[in-house]
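> Coordinates for the following, if possible.
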Amino acid sequence: MAKPTTATFERLARLVAIDDADARPTRPVLEAFSGDEMTTIPIGTADDLNVAVQRARAAQTRWAALAPKERANVLVRFAALVFSHRDELMDMAQAETGKARAYAQEEVLDVALTARHYAKVGPKVLSAKRVKGMIPGATDVRVRYQPKGVVGIISPWNYPVTLAASDAVAALMAGNAVVIKPDSQTPYCALAVAELLYQAGLEPELFAVVPGPGSVVGQAIAETADYLMFTGSSQTGATLAEQAGRRLIGFSAELGGKNPMIVTEGADIDRAVEGAARACYSNSGQLCIAIERLYVEKPVADEFSRKFAAKVSSMKVAPAYDFGSDMGSLASAAQVDVIDEHVTDATSKGATVLAGGKRLDDLGPFFYAPTVLSGVNEHMTCFATETFGPLVSIYEVDSVDEAIKLANDTDYGLNASVFAGDSAQAREIGAQLRVGTVNINEGYAAAWGSTAAPMGGMGISGVGRRHGNEGILKYTEPQTIATQRVIGIDGIRGVPRKLFLKLVPTSMKALRFLPGR
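Numbers count the residues shown, from 1 in each chain. The predicted model follows:
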């Protein structure tokens, strides 16, 4: 458990999909804990991306010709490799992002589970389906699923293992090739995923990693791929959706969130405090589905606030490649600056710091204390704007109805959490929230980890879904093949046309009484 070695970086760098990578300009890749340069990465161009796509198209034809079960076997081997190499993957995730090891483990295990899930359900989901035809018994209709072709993935820095692999395995299972542009802060996590996919038997051209600026390589993906998957900010997602729309290609995105948690009067407060700490500060709060707004009913608001502030103040923050810390660093200086600006703005306008509220420069350049605010109002930036860091605000409410109203008072709609007196009440609350996922007695992991269920956002929090059958079928084009037998639309052989046409209304009326019509 340590920072990856120079030999590891050199080995992985050879996997970038750039022909003359050794001769290219490079950019530094920093260790988040220290801010020091660990290694460099070649800078790709639009031409590199275009070459990768051309090669992917050729490989994709061979890959799509395989039976889904054969593709699934590759994913099974990949999942096993991820599990056996989990320590190295966690080291890389921690080095590039600064997250605590518990959350590095969370994302690595998520990749193995997601790959296993799609390997198991993929062949059945992708099998041709017989559906009702125009004329019962005479029209045989089958629906089959063809791959899109080359899926372009633009992955973010916050979960660079999960979000490089989880979308890719669904696309690959569906018979597509993948060309991915990882975030420039975290390219080696994507390359580590690539290495294990290749070891599992995947042709390298089917998962091509092209590092480089989003304005160059990302734009080239948007201009050439047959389908575009993006995880990142709502603003960038809207721009990419517009580009995909102009090309009439499919687009899916998980975007930002200003996610609420509701704690009712009847909730187990100690359990809610523990759940909120995890929900708010996982991955140092740099998680699209993390909680940033806590709505607590008035009779228990003081108790919750006191216990939650004490819990947060006691969290261990450290630069550790082991399981000894509760929270690591943020990923970059830019992230620290955003948190500091939001806290400074709020406190200058009257908000109260209940815990944290300061940089932790003695630990490293990208550390910030997990922070709790009260007294936040609509005049403060953090009230409605996504912070994407270890900052949460507590709001006292008079009723559950008020909590629901305030929780829904946002353009976002990604995730929510509910702690209530009983599950029935919590589900009733959850059903009224305009979000893609609701977690009861949990912050985010219950919904995210349930890979058989769809996950995504409403409003400006996203388009489409990952996970579930939706997460694989979005990478396909449904094709209908209809075979007409005996009776045609023109009539029945041997029956005069005029007689046939007179019989049509009677036949249509009779069809109303057939089962299922």
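> list the contacts for residue 102?
Counting by Cβ atoms under 8 Å, 6 or more residues apart in numbering, residue 102 makes contact with 323, 326. Bear in mind the C-beta positions are built from the backbone N, C-alpha and C, glycine included.
> any idea which helix or strand comes after the host helix or strand of it?
Here residue 102, judged by DSSP states H and E, is contained in helix 101-126. Taking DSSP H and E as the definition, the helix or strand that follows helix 101-126 towards the C-terminus is strand 129-131.
> My reading is that residue 241 lies in a strand. Confirm?
No. When classified by DSSP: H, G, I helix; E, B strand; the rest coil, residue 241 is found to be helix rather than part of a strand.
> how far away is residue 467 from residue 481?
Summarising the geometry, the distance separating residue 467 from residue 481, computed by Cβ to Cβ, to the nearest Å, is 29 Å.
> These two: who's more crowded?
Neighbour comparison, residue 467 and residue 481: the larger count goes to residue 467, with 24 against 10 (by other Cβ atoms under 10 Å).
> ok, back up a step: and the helix holding residue 102, what's buried?
Residues 101-119, 121-123, 125-126 are the ones in helix 101-126 that count as buried (16 or more other Cβ atoms under 10 Å).
> swap in stretch 337-344?
Buried positions in stretch 337-344, judged by neighbour count with 16+ other Cβ under 10 Å: 338, 339, 340, 342, 343.
> can you put those in a markdown table and add pLDDT and distance to residue 225?
Shown next, in a markdown table, are those (pLDDT from 0 to 100; distance: Cβ to Cβ, whole Å):
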| residue | pLDDT | distance to residue 225 |
| --- | --- | --- |
| 338 | 97 | 30 |
| 339 | 97 | 34 |
| 340 | 98 | 37 |
| 342 | 98 | 35 |
| 343 | 98 | 39 |
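> Pick the one among the residues you listed closest to residue 457.
Among the buried residues of stretch 337-344, residue 338 lies closest to residue 457 (Cβ to Cβ), at 20.8 Å.
> Take the helix or strand hosting the closest one, keep the C-alpha atoms, and write them as PDB.
Residue 338 is located in helix 333-348, with elements delineated by DSSP H and E. As requested, the backbone C-alpha atoms of helix 333-348 are provided in PDB (Å, rounded to 0.1, in the frame of the first residue of the first chain):
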ATOM      1  CA  ALA A 333      -5.700  23.200  -5.600                       C
ATOM      2  CA  ALA A 334      -8.700  24.400  -7.700                       C
ATOM      3  CA  GLN A 335     -11.100  22.200  -5.600                       C
ATOM      4  CA  VAL A 336      -9.700  23.600  -2.300                       C
ATOM      5  CA  ASP A 337     -10.100  27.200  -3.600                       C
ATOM      6  CA  VAL A 338     -13.800  26.500  -4.400                       C
ATOM      7  CA  ILE A 339     -14.500  25.100  -0.900                       C
ATOM      8  CA  ASP A 340     -12.700  28.000   0.700                       C
ATOM      9  CA  GLU A 341     -14.600  30.600  -1.400                       C
ATOM     10  CA  HIS A 342     -18.000  29.000  -0.500                       C
ATOM     11  CA  VAL A 343     -17.200  28.900   3.200                       C
ATOM     12  CA  THR A 344     -15.800  32.500   3.200                       C
ATOM     13  CA  ASP A 345     -18.800  33.800   1.300                       C
ATOM     14  CA  ALA A 346     -21.300  32.100   3.700                       C
ATOM     15  CA  THR A 347     -19.600  33.100   6.900                       C
ATOM     16  CA  SER A 348     -19.200  36.700   5.700                       C
END
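> pLDDT weak spots in this structure?
Applying pLDDT under 70 to the predicted model, the residue ranges of the chain that meet it are 486, 488-494, 497-498, 500-504, 506-517.
> mind listing the helices for the stretch 1-150 of the chain?
Under the criterion DSSP state H, counting those that start in this stretch, the stretch 1-150 of the chain contains helices at 6-13, 46-65, 68-84, 86-97, 101-126.
> In CSV, list the ones you listed along with distance to residue 262.
As requested, the helices of the stretch 1-150 of the chain are arranged in CSV below (distance: least, Cβ to Cβ, whole Å):
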stretch, distance to residue 262
helix 6-13, 44
helix 46-65, 44
helix 68-84, 35
helix 86-97, 30
helix 101-126, 24
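> among those, which is nearest residue 143?
Go through these one by one with Cβ to Cβ and the one that ends up closest to residue 143 is helix 101-126, at 10.9 Å.
> did I read that right, residue 208 in a strand?
Yes. Under three-state DSSP, residue 208 sits within a strand.
> Show me the beta-bridge partners of it.
Legend: beta-bridge partners of residue 208 under DSSP bridges are residue 179.
> Use 44 as the first number for this chain going forward.
Fine by me, first position is 44 from now on; the one you just mentioned is residue 251.
> For it, give me its contacts.
Per Cβ under 8 Å, 6+ apart, neighbours of residue 251: 60, 95, 98, 99, 220, 221, 222, 223.
> cutoff 6 Å now
Shown in contact with residue 251 (Cβ atoms under 6 Å, 6 or more residues apart in numbering): 60, 95, 99, 222.
> Would you mind measuring from the last one to residue 163?
Think residue 222. Applying Cβ to Cβ, one obtains 26 Å for the distance of residue 222 from residue 163.
> Name the nearest residue to residue 480, sequence neighbours excluded.
With Cβ to Cβ, 6 or more residues apart in numbering as the measure, residue 490 is the residue that lies nearest to residue 480, at 3.8 Å, once sequence neighbours are left out.
> Backbone dihedrals for the one you found, both of them.
Residue 490 adopts backbone torsions of phi -80, psi -50, taken as degrees, to the nearest 10.
> Now that it has come up, it's in contact with residue 479, right?
No. In this structure, residue 490 sits apart from residue 479 without contact. The criterion is Cβ atoms under 6 Å, and the distance is 8.5 Å.
> Can you get me a residue count around residue 277?
A count of nearby residues for residue 277, using other Cβ under 10 Å, gives 21.
> same thing with residue 50?
By the other Cβ under 10 Å criterion, the neighbourhood of residue 50 contains 8 residues.
> Spit out the contact partners of residue 451.
Contacts of residue 451 (Cβ under 6 Å, 6+ apart): residue 477.
> Of the contacts of residue 251, which pair is most distant in space?
When the contacts of residue 251 are compared pair by pair using Cβ to Cβ, the two farthest from each other are 60 and 99, 8.9 Å apart.
> between the two, who's got more neighbours?
Neighbour comparison, residue 60 and residue 99: the larger count goes to residue 99, with 28 against 23 (by other Cβ under 10 Å).
> Relative to residue 219, how far out is the more buried one?
Relative to residue 219, residue 99 is positioned 9 Å away (criterion: Cβ to Cβ).
> mind checking the end-to-end distance for stretch 353-361?
Using Cα to Cα, to the nearest Å, one end of stretch 353-361 lies 18 Å from the other.
> In the stretch 244-393 of the chain, mark out all the helices, start to finish.
With helices called from DSSP H, counting those that start in this stretch, the stretch 244-393 of the chain shows them at 262-267, 277-290, 312-324, 341-356, 376-391.
> Out of these, the one nearest residue 530 is which?
Nearest of the helices of the stretch 244-393 of the chain (Cβ to Cβ): helix 277-290, 41.7 Å.
> In that closest one, which residues are buried?
Counting neighbours by 16+ other Cβ under 10 Å, one finds that the buried residues in helix 277-290 are 277, 279, 280, 283, 284, 287.
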